[in-house]
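Q: I'd like to go over a predicted model; first the sequence, then the structure.
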Amino acid sequence: MANIKTFAEFQNVLASDTKLQQAFKEDPVKASKEINSYTVPDTFIYRVVVVALGSALLLVIVAVVTLALMGKTSNQEAVLTILTSIASGAIGALAGLLAPSPTGN
């Protein structure tokens, strides 16, 4: 099935594809579900970035727990604040990468 992103593309594909026209005549709901659903592109760079951000997040969690248990820092509150900001940035970046982007027209 074609990768349809806008309603105009859908209209063009529907006008030219007789199989799609027949599918809509038989069961429009099923046909509309089969047309297109958002998936994250499976590219190498996405995998690298997601693994790097996930690793950074896990590393921060381990570091926070280790520092909290050891208590060997002179200014533990500042260290925890910095690690919390790194973790929240990594979570935000992951959410931004994995959330579907809006398509406008």
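A: Thanks, I have the structure now.

Q: Give me the pLDDT value at the nearest residue to residue 76 once chain neighbours are set aside.
A: Nearest non-adjacent residue to residue 76, counting by CB to CB, 6 or more residues apart in numbering: residue 67, 6.6 Å away. Where you see a C-beta, it was placed from the backbone N, CA and C, and this is true even at glycine. Residue 67 carries a pLDDT score of 74 in this model.

Q: what's near enough to touch residue 67?
A: If a contact means CB atoms under 8 Å, 6 or more residues apart in numbering, then residue 67 has 73, 76, 79, 80, 83 as its contacts.

Q: Can you give me the neighbour number for the second one?
A: If I follow you right, that is residue 76. 13 (other CB atoms under 10 Å).

Q: so what are the domain limits for this structure?
A: Listed by automatic domain parsing, the domain ranges of the chain are 1-38, 44-98.

Q: Going by mean pLDDT, which of those comes out lowest?
A: domain 1-38 (a mean of 75).

Q: Okay, buried residues for that one please.
A: Within domain 1-38, the residues scored as buried using 16 or more other CB atoms under 10 Å are 10, 13, 14, 20, 23, 24, 31, 35.

Q: Verify the contact between the second one and residue 20 for me.
A: Yes. Counting by CB atoms under 8 Å, residue 13 does reach residue 20; the two are 6.5 Å apart.
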